[in-house]
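Student: need coordinates for the below:
(2 chains)
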Amino acid sequence: MSSCNQSKRLATLFVCALALVISGCRSETKPSGSSAGLDEPKRVAVIVSTLNNPWFVVLAESARDSAIELGYDAVIFDSQNDPSKETAHFDNVIASGYSAVLFNPTDADGSIANVRRAKEADLPVFCMDREINTTDAAVSQILSDNYSGCVAIGQHFVKEVGESGNYAELLGLVGDNNTPNRSDGFHSVVDRYPDLKMVAQQSADFDRAKALEVMEAILQANPDIKAVFCGNDAMAMGAYQALLAAGKAEQVKIFGFDGADDVVAMIQEGKIVATGMQFPKLMAKTAAEYADKYLNGDHDLSQKVPVAVELVHQGNASKYGDFGQAGSE
Amino acid sequence: MILRQRKWIIRFVFVVGALVLLYRLPLFHIVSLEDANKANAKATAAKFDPVKFVNTFWDSELLPSKSAAVDAATLVAKVKADPAKARQQHGRQVGLSQSYFYHVTGVGRVVSVEKNFIGLAISPDSEMTEVILEAGILFGNTVRDGTGLLDVNDFNNTQDFNAISTELNRRIEANVLPTLREIATVGAEVRFTGCVQVNDEDSDLQPLKVVPFIVEAK
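Tutor: Okay, the predicted model is just below:
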């Protein structure tokens, strides 16, 4: 009798386990936003690569605020530059019945799988600033034209530094397309001047503290550099700190990229030479508007929308601030 | 006896269930070396080749696009009269940007020859430089974006799209600009087709700065 009961229990257990596995494996086809009540606003998730950089804070908060202005509830998720955290955020937003994702990826290739899973769950994704290397996963990608922006910086670099001398370059995150796009745009100009010699090129992961360390090491090995090109403004700030500590802040010309408020102010003060204004608020607002159009039935949206980057230098820095230019947004 | 049979039935069901589960959700995949090599070869073959792309694009699309370009004399006159209207009628914008492009063709008389540019007068009785043909080192996306023939949405990533600009500029420097320098003597008439990028209307409209991809003596 007891053996019979045990068998029944085991059979029941097996059936339950099988049911759990099957239900877990079932593809999610629930219509987006269906968990929300009819009167509740739809929810938009803002998944951002990092909030450890003021520029991305502006991007994320602008996306959230734009979504709220359009009538949605919006929540920011910080991936902390960690693809596994990003995956967990996608798991969360897919399971929680969000209606759309405004997404700033951590990795151009690694983030594709997350966007595909969201697409399979009928959750539309709109990339902001950073690209994923496919055109069939996200609904739209609103991207800074990094290459062209850095062509302009390269031309200004040659004008300010001259056609000869040693310089260094600080690269951003290796997995992010923005890193090679910026570097390639810059080098498409400076490499045409053979007497301009790059004596050091190192990654500082778009991070200010890392840039400080990397710049200190570069200065020890190359005390004669005339300039440094940094792939973002956080690294330009770190490089400036290192140069200031070494007593070379006036000798070495610094070039950044982003258009961060601090750096625009430093350009006006003559501490940094130039940067590229990326317009994070415009990108975030456009992504939110695209999501709203899509959720309201307009599916005729461009896959990629390049956003022009403008050169900010001492001659025009007063026209810029608050992550944009007056009248441009 | 019956109990023993039941036990075996339960064990059998468990084993079959486990096998089905493992079949549906394998713990790992084994890929043959041959298949792995094929996948790598496919990835390599799919890698974008900007030189090959531009070779085809140049002959099949770029050169024939001359027929779609706006006449230089018409554009110069319209820009002088009403820049906003000229932009509306003939300008082309890419993405979210304040800059825009013109795709232009025409004939001009050489009025100045400098290291990095050739100055042309376009209007019949003008001695002013109304168009500049860029003749130095070329940067940027003027030709890639100016004709409207190429769309970033047709490319998997922007690195491939940017590589087209670099290759177009290289090809113009290598194949077009030497001819331009050879034929551009003051007073000579030059037929050209190219693109203009207007970033700042105060400095980029008068004269129009053209990156030429076709030049020939008239």
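
Student: secondary structure of A:Lys248: a helix, I assume?
Tutor: No: counting by DSSP: H, G, I helix; E, B strand; the rest coil, A:Lys248 falls outside a helix, being coil.

Student: for it, what are phi and psi?
Tutor: Torsion angles at A:Lys248 (phi, psi; degrees, to the nearest 10) stand at phi -120, psi 20.

Student: wait, doesn't it sit right on A:Asn222?
Tutor: No: contact criterion CB atoms under 8 Å: A:Lys248 and A:Asn222 do not qualify, at 11.0 Å. C-beta here means a position set from N, CA and C on the backbone, and glycine is covered the same way.

Student: quick one: least confident helix or strand in chain B?
Tutor: helix B:33-46 (a mean of 54; mean pLDDT, DSSP states H and E).

Student: list the buried ones in the helix of greatest length in chain B?
Tutor: The residue-count maximum for a helix in chain B (DSSP state H) belongs to helix B:2-24. Across helix B:2-24, burial judged by 16 or more other CB atoms under 10 Å in any protein chain shown covers B:Ile10.

Student: can you give me the buried ones in stretch A:167-174?
Tutor: A:Tyr167, A:Ala168, A:Glu169, A:Leu170, A:Leu171, A:Gly172, A:Leu173.

Student: out of these, which is nearest to B:Ser112?
Tutor: Distance to B:Ser112 across the buried residues of stretch A:167-174 (CB to CB) is lowest for A:Tyr167, with 34.2 Å.

Student: mind giving me the packing neighbours of the strand or helix carrying A:Ala287?
Tutor: Assessed by DSSP states H and E, A:Ala287 sits inside helix A:280-295. For helix A:280-295, the elements it packs on are helix A:54-69, strand A:100-103, strand A:125-128, strand A:140-144, strand A:304-307, judged by 3 or more CB pairs under 8 Å, 6 or more residues apart in numbering or on different chains; DSSP states H and E.

Student: need those in JSON lines with mean neighbour count and mean pLDDT, can you?
Tutor: Output for the helices and strands packed on helix A:280-295, formatted as JSON lines (neighbours: other CB atoms under 10 Å in any protein chain shown; pLDDT from 0 to 100):
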{"stretch": "helix A:54-69", "mean neighbour count": "21", "mean pLDDT": "96"}
{"stretch": "strand A:100-103", "mean neighbour count": "29", "mean pLDDT": "98"}
{"stretch": "strand A:125-128", "mean neighbour count": "28", "mean pLDDT": "98"}
{"stretch": "strand A:140-144", "mean neighbour count": "27", "mean pLDDT": "94"}
{"stretch": "strand A:304-307", "mean neighbour count": "22", "mean pLDDT": "93"}
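
Student: nearest to A:Pro83, of those?
Tutor: strand A:100-103 (12.8 Å).

Student: tell me the mean pLDDT over the helix or strand that the closest one is followed by?
Tutor: Toward the C-terminus, strand A:100-103 is succeeded by helix A:112-120 as the next helix or strand (DSSP H and E). If you average the pLDDT over helix A:112-120, you get 97.

Student: ok, stretch B:151-163 next?
Tutor: Mean predicted confidence for stretch B:151-163 is 89.

Student: show residues contacting that stretch.
Tutor: Here stretch B:151-163 makes contact (CB atoms under 8 Å, 6 or more residues apart in numbering or on different chains) with A:108, A:131, A:133-135, A:143, A:145-147, A:177, A:180-181, A:184-185, A:302-304, A:306, B:48, B:50, B:94-95, B:141, B:144, B:150.

Student: got it, and stretch B:60-74?
Tutor: B:90, B:102-108, B:122-123, B:131, B:143, B:147, B:149, B:192-193, B:208, B:213-214.

Student: could you flag which of those are buried?
Tutor: B:90, B:102-106, B:108, B:122, B:131, B:143, B:147, B:192-193, B:208, B:213-214.

Student: mark which of these are part of strands, please.
Tutor: B:Tyr102, B:His103, B:Val104, B:Thr105, B:Gly106, B:Gly108, B:Val131, B:Phe192, B:Thr193, B:Leu208, B:Phe213, B:Ile214 (DSSP state E).

Student: so what's the most centrally placed residue in chain B up against?
Tutor: Geometric centre of chain B, nearest residue: B:Arg144, 3.1 Å, by CA atoms, centre = their mean. B:Arg144 makes contact with B:Leu150, B:Phe161, B:Ile164, B:Ser165, B:Leu168, according to CB under 8 Å, 6+ apart.

Student: surely A:Ala287 touches A:Ala60?
Tutor: No: at 11.0 Å, A:Ala287 and A:Ala60 do not qualify as touching, with contact defined as CB under 8 Å.

Student: and of the buried ones among the contacts of stretch B:60-74, the nearest to chain A?
Tutor: B:Val143 (13.1 Å; CB to the nearest CB).

Student: circling back: can you pick out the most distant pair from the contacts of B:Arg144?
Tutor: The widest separation within those (CB to CB) is 11.3 Å, between B:Phe161 and B:Leu168.

Student: follow-up on the earlier one: what's the spacing between the residue nearest to the centre of chain B and chain A?
Tutor: 10 Å (CB to the nearest CB, to the nearest Å).

Student: can you check the pLDDT for that residue?
Tutor: pLDDT, B:Arg144: 96.

Student: over to B:Arg181?
Tutor: 96.

Student: doesn't B:Gln179 belong to a helix?
Tutor: Check again: residue B:179 is Thr, not Gln. Yes: according to three-state DSSP, B:Thr179 belongs to a helix.

Student: give me the neighbour count for the closest residue to it other than its chain neighbours.
Tutor: Nearest non-adjacent residue to B:Thr179, counting by CB to CB, 6 or more residues apart in numbering or on different chains: B:Val215, 5.5 Å away. Using other CB atoms under 10 Å in any protein chain shown as the criterion, B:Val215 is surrounded by 24 other residues.

Student: next one: A:Lys253
Tutor: 19.

Student: tell me the pLDDT of it.
Tutor: Looking at A:Lys253, its pLDDT stands at 98.

Student: CA atoms only for the helix or strand harbouring B:Val54, dumped as PDB, please.
Tutor: Using DSSP H and E, B:Val54 sits within helix B:50-57. Extracted as PDB, the C-alpha positions of helix B:50-57 are listed here (Å, rounded to 0.1, in the frame of the first residue of the first chain):
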ATOM      1  CA  PRO B  50      34.400  48.300 -49.300                       C
ATOM      2  CA  VAL B  51      36.800  48.300 -52.200                       C
ATOM      3  CA  LYS B  52      34.700  45.600 -54.000                       C
ATOM      4  CA  PHE B  53      31.500  47.400 -53.200                       C
ATOM      5  CA  VAL B  54      32.700  50.800 -54.500                       C
ATOM      6  CA  ASN B  55      34.100  49.200 -57.700                       C
ATOM      7  CA  THR B  56      30.600  48.000 -58.500                       C
ATOM      8  CA  PHE B  57      28.800  51.100 -57.200                       C
END
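
Student: what parts of chain B come near chain A?
Tutor: Contact residues, chain B versus chain A (CB under 8 Å from any CB of the partner chain): B:3, B:6-7, B:10, B:13-14, B:17, B:21, B:24-25, B:94-99, B:137, B:139-141, B:152-153, B:155-159, B:162, B:165-166, B:169.
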